[in-house]
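J.: Fold the stuff below for me.
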Amino acid sequence: MLRCDVCPENGEGCFFSMALRIRLARGGSKKRPYYKVVVAENTAPRDGKFIERLGSYNPFLEQGDPERMVVEQERVKHWLSIGAQASDRVNSILAELGIIIAPIRRETPKKSAPKKKAQARLQQQQSQ
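T.: A predicted model of the protein is given here:
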């Protein structure tokens, strides 16, 4: 069970027994997504029950628009300090805003690398 001593709720802090995620909850209409950045339990549905709304993300706005990504930075830092983990997409959003350090991403996964036989064939072709 996790206890949060920073929350002003009831003066005692908040308690959580589940793993927490900071993730996107989809809204908007068909082909026009709009996302809320929320803290939810790991087992909760994507658009279902959440604990707190931290901001919004509108992918249709241009890159430089300040309304594209709106996040309450203090609350995000608070939830990360408690132990909530951000999803991959939220990690990249928070890194763009300068809240966290950008995660290291590989350009190509190891699975797609050529296997031993293919590498040998490539070396033979290059030597000829």
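J.: can we go C-alpha only for contacts and neighbour counts from here?
T.: Will do.
J.: Flag every buried residue along the host helix or strand of Ser81.
T.: Here Ser81 sits within helix 73-82, counting by DSSP states H and E. Residues 75-76, 79-80 are the ones in helix 73-82 that count as buried (16 or more other Cα atoms under 10 Å).
J.: Can you identify the element that follows it toward the C-terminus?
T.: Past helix 73-82, the next helix or strand by DSSP H and E is strand 85-86.
J.: Please pull up the helix or strand immediately following that following strand.
T.: Assigned by DSSP H and E, the successor of strand 85-86 is helix 88-97.
J.: packing partners for that next one?
T.: Counting contacts by 3 or more Cα pairs under 8 Å, 6 or more residues apart in numbering; DSSP states H and E, helix 88-97 is packed against strand 20-29.
J.: Flag every buried residue along the strand it packs on.
T.: 20-26.
J.: just checking, next helix/strand downstream of it?
T.: strand 32-41.
J.: Can you name every helix or strand that that next one contacts?
T.: Using 3+ Cα pairs under 8 Å, 6+ apart, strand 32-41 sits against strand 20-29, strand 52-57.
J.: Buried residues of that strand, list them for me.
T.: Buried-residue list, strand 32-41, by 16+ other Cα under 10 Å: 34-41.
J.: Check stretch 56-76 too.
T.: Under the neighbour-count criterion of 16+ other Cα under 10 Å, stretch 56-76 has 56-58, 68-71, 75-76 buried.
J.: Endpoint to endpoint, it covers what distance?
T.: Start and end residues of stretch 56-76 are separated by 12 Å (Cα to Cα, to the nearest Å).
J.: How about residues contacting it?
T.: Residues outside stretch 56-76 that contact it (Cα atoms under 8 Å, 6 or more residues apart in numbering): 32-37, 54-55, 93, 99.
J.: That one - what's its average pLDDT?
T.: Stretch 56-76 carries an average pLDDT of 90.
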